[in-house]
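> Turn this into a structure:
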Amino acid sequence: MKKIVSTFSKVIIASFTGMFLFAGAASAHVSIQPAVSTPSAWETYTLKVPVEKDVPTTKVVVKIPDGVTFVNYQKVPEWKVTLDKGPSNNVQTVSWTATGEGILAGQFQQFTFVAKNPESETDIAWDAFQYYKDGSIVEWNGKEGSATPHSVTKVSTASTAPEQQDSHHEHDAVETEQAAPDKGTGTDSNKAGEEDTNPPSQTAPLILSIASLILSIAAIILAIRKKK
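Numbering: from 1, shown residues only. The predicted structure is shown next:
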């Protein structure tokens, strides 16, 4: 009986440990939300940057996907924004560079920007690059399930209720300015965007971990019954 109790305790501890580690690992990814939007919407996107190392993150670069039009961004204290433009004067990459100490270990930072979605249904893949103070770079451009996945926003007409679709186009009534149409690359701007209303969700990993814990407990109960 003592052996069974000992085994049961080990399974419980391992399950809870795995649950919290798994949830922590999932939340440590650089991500862009929302995960679902509508065609042609002027969407407010939020870039979430957690720190996975013991050194600060000092720069983050996001590549603007084909078909997406960058509009403007929200100013963040102690961060300089650089807009790199292409031949057609369209923004191709957005860089946030720390003018202070950056994002420290155990912290995260959110950067908000507005972009216009493609006119047709598609999946937008957001490639991001995280620069650490020690010179290392983490490239968040892998597919789903990889060690460094990029975020994906599904653009679909069936993804949002009609009243929510209308709200995406209300940005015209908000007092925000578009990115300055200066020619060339490396354009700095300090114009305000909009506040995020779609914080990332981390509930899926927690649900999976709880399900795993329940299955482990069920297995222990069956083992005890067989011993009787």
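
> Show me the chain divided up by domain.
1-28+201-228, 35-197 (automatic domain parsing).

> Which one of those has the poorest average confidence?
Among these, domain 1-28+201-228 carries the lowest mean pLDDT, at a mean of 54.

> Tell me which residues are up against the longest strand along the chain.
In the chain, with assignment by DSSP state E, the single longest strand is strand 122-132. Strand 122-132 is touched from outside by 30, 32, 47, 49, 53, 55-63, 65, 67-68, 117-118, 137-141, 150-155, with contacts defined as Cβ atoms under 8 Å, 6 or more residues apart in numbering. Where C-beta positions appear, they are placed from N, C-alpha and C, glycine not excepted.

> strands paired with it, and their directions?
Partner strands for strand 122-132, per DSSP bridges, with pairing direction: strand 57-63 (antiparallel), strand 137-140 (antiparallel), strand 151-155 (antiparallel).

> Buried by neighbour count: which residues of that strand qualify?
Applying a neighbour-count criterion of 16 or more other Cβ atoms under 10 Å, one finds 122, 124-132 buried in strand 122-132.

> how about the strands in the chain?
31-33, 36-37, 42-50, 57-63, 69-73, 79-85, 91-98, 108-116, 122-132, 137-140, 151-155, 187-188.

> Run a quick neighbour tally on residue 88.
6 (other Cβ atoms under 10 Å).

> The residue nearest to residue 139 when sequence neighbours are not counted and residue 118, how far apart?
The shortest distance from residue 139 to any non-neighbouring residue, by Cβ to Cβ, 6 or more residues apart in numbering, is to residue 129 (5.5 Å). Separation of residue 129 from residue 118 (Cβ to Cβ, to the nearest Å) stands at 23 Å.

> Over to residue 136?
Applying Cβ to Cβ to residue 136 and residue 118 gives a distance of 33 Å.

> Those two: who's more crowded?
residue 118 (17 against 10).

> List the residues that contact the more buried one.
Here residue 118 is in contact with 39-40, 67-68, 124, 155 (criterion: Cβ under 8 Å, 6+ apart).

> and the two most separated of these?
Farthest-apart pair in these is 40 and 124; separation 12.9 Å (Cβ to Cβ).

> what do these two both touch?
Taking Cβ under 8 Å, 6+ apart as the contact criterion, the common neighbours of residue 40 and residue 124 are 117-118.
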